[in-house]
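Build me a model:
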Amino acid sequence: MSRSATMETLRDLSSVLWTIRSNQEAARVLRTTNSLLRTFLFFDICYLISGIALITMALTNQLDSRDKMIMFGGLFGVFASVSALCNSLASHGIRTWRRNFLLPWMLFFLIVLVLLIMHMGHSLYFQRAQWRHIFLFFANIVVFSCWRHMQKQFILMALPRPHTVVVDVEAVVREYLSPVTVHSPLKDLPPKYEDVEDFPPQYDEQTMISTANQTTTDRASTDSSTVQNEQVQTRQ
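Predicted coordinates for the structure are as follows:
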């Protein structure tokens with residue numbers, strides 16, 4: 001194999017491996033996105049139930065913080081409704097592979113992330129560090145990580161939808177690196193002398209006897225046919 005052919009094979013192999021890796025990475029991101037949207041939808045249901053429960057408790061009981069409970073219940077309900085709408089649009093965009101449906105989700109949670117950062121900064125500036133600030137910090141990290149993942153999914157959706165295919169990478173590499181051999185049909189040739197020098201072929205005695213008898217019979221029939229032909233010619 002020449003050097004140019006080797007370089008061409010390595011180039012093709014690199015291209016195939018890069019395509020397989022990109023397809024597997026896109027499929028992994030897609031699976032994570034589906035799991036992320038289902039998780040967010042579960043929390044939206046929890047927020048909606050919490051908001052309804054707060055409003056119901058405030059209306060049925062005479063409490064001092066009735067107005068606050070109604071306000072927080074309404075905020076939970078509005079947040080859960082808007083978030084569920086954004087998650088539903090994003091899920092529809094993932095199913096139909098139309099990335100414009102991901103824009104409401106990204107815009108909404110970007111606003112949520114900015115509000116969380118502003119609230120944590122305001123709380124740290126005007127108050128001492130408290131345990132709830134650790135919760136706010138981790139909440140910012142989680143929301144930012146989810147938003148970055150959805151941004152990656154938005155970029156990948158500019159390409160065709162990945163298909164989940166199990167590929168044996170070792171087999172692909174072996175196929176590209178193995179030399180191409182062309183097998184031509186060979187005739188049934190007798191064995192070489194070197195192959196039968198030490199172990200000559202063995203013949204069956206019965207086969208040899210039957211072959212000799214057949215040869216003798218054929219020769220006798222040929223002789224008798226010849227004699228009959230000569231007698232016919234003599235009579236004529």
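
how about the helices in the chain?
3-60, 66-96, 103-126, 131-156, 169-177, 193-196, 205-235 (DSSP state H).

Show me the shaky parts of this structure.
For the chain, the stretches flagged by pLDDT under 70 are 1-22, 63, 164-236.

same thing but at 50, please
For the chain, applying pLDDT under 50 flags the ranges 1, 169, 180-187.

buried set for stretch 107-115?
Neighbour-count burial for stretch 107-115, counted by 16 or more other Cβ atoms under 10 Å, picks out 108-109, 112-113. Heads up, the C-betas are built off the backbone N, CA and C, glycines and all.

Extract the CA atoms of it and return them as CSV.
Below are the C-alpha coordinates for stretch 107-115, written out as CSV (Å, rounded to 0.1, in the frame of the first residue of the first chain):
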residue,chain,number,x,y,z
LEU,A,107,-35.9,33.4,27.7
PHE,A,108,-38.1,32.6,30.7
PHE,A,109,-35.4,30.8,32.6
LEU,A,110,-32.8,33.4,31.7
ILE,A,111,-35.1,35.9,33.5
VAL,A,112,-35.4,33.5,36.4
LEU,A,113,-31.6,33.2,36.6
VAL,A,114,-31.1,37.0,36.6
LEU,A,115,-33.7,37.4,39.3
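
For residue 119, give its distance to residue 139.
Residue 119 sits 10 Å away from residue 139, going by Cβ to Cβ, to the nearest Å.

likewise residue 37?
19 Å.

same thing with residue 109?
From residue 109 to residue 139 the distance is 12 Å (Cβ to Cβ).

and if you look at residue 145?
Applying Cβ to Cβ to residue 145 and residue 139 gives a distance of 11 Å.

of these two, who's got more company?
residue 139 (15 against 11; other Cβ atoms under 10 Å).

contacting residues for that one?
Contact analysis of residue 139 by Cβ atoms under 8 Å, 6 or more residues apart in numbering lists residue 116.

Likewise for residue 150?
33, 36, 90, 102, 105-106, 109.

Let me know the closest of those to residue 58.
residue 109 (28.4 Å; Cβ to Cβ).

Enumerate every residue touching the closest one.
86, 143, 146-147, 150.

Now tabulate those residues in JSON lines and tack on distance to residue 46.
Below are the contacts of residue 109 laid out as JSON lines (distance: Cβ to Cβ, whole Å):
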{"residue": "86", "distance to residue 46": "16"}
{"residue": "143", "distance to residue 46": "16"}
{"residue": "146", "distance to residue 46": "17"}
{"residue": "147", "distance to residue 46": "20"}
{"residue": "150", "distance to residue 46": "21"}
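
farthest pair in those residues?
86 and 143 (13.2 Å).

Name the residue in those two with the higher neighbour count.
Between residue 86 and residue 143, counted using other Cβ under 10 Å, residue 86 has the larger neighbour count: 22 against 18.

Identify the residue spatially nearest to the more buried one, adjacent ones excluded.
residue 105 (4.3 Å; Cβ to Cβ, 6 or more residues apart in numbering).

what number of residues lie near the one you found?
By other Cβ under 10 Å, neighbour count at residue 105 equals 25.

swap in residue 140?
Neighbours of residue 140 (other Cβ under 10 Å): 16.

Quick check: the gap between it and residue 155.
23 Å.

and residue 88, what is it in contact with?
Counting by Cβ under 8 Å, 6+ apart, residue 88 touches residue 41.

That one and residue 107, how far apart?
Counting by Cβ to Cβ, the gap from residue 88 to residue 107 is 15 Å.
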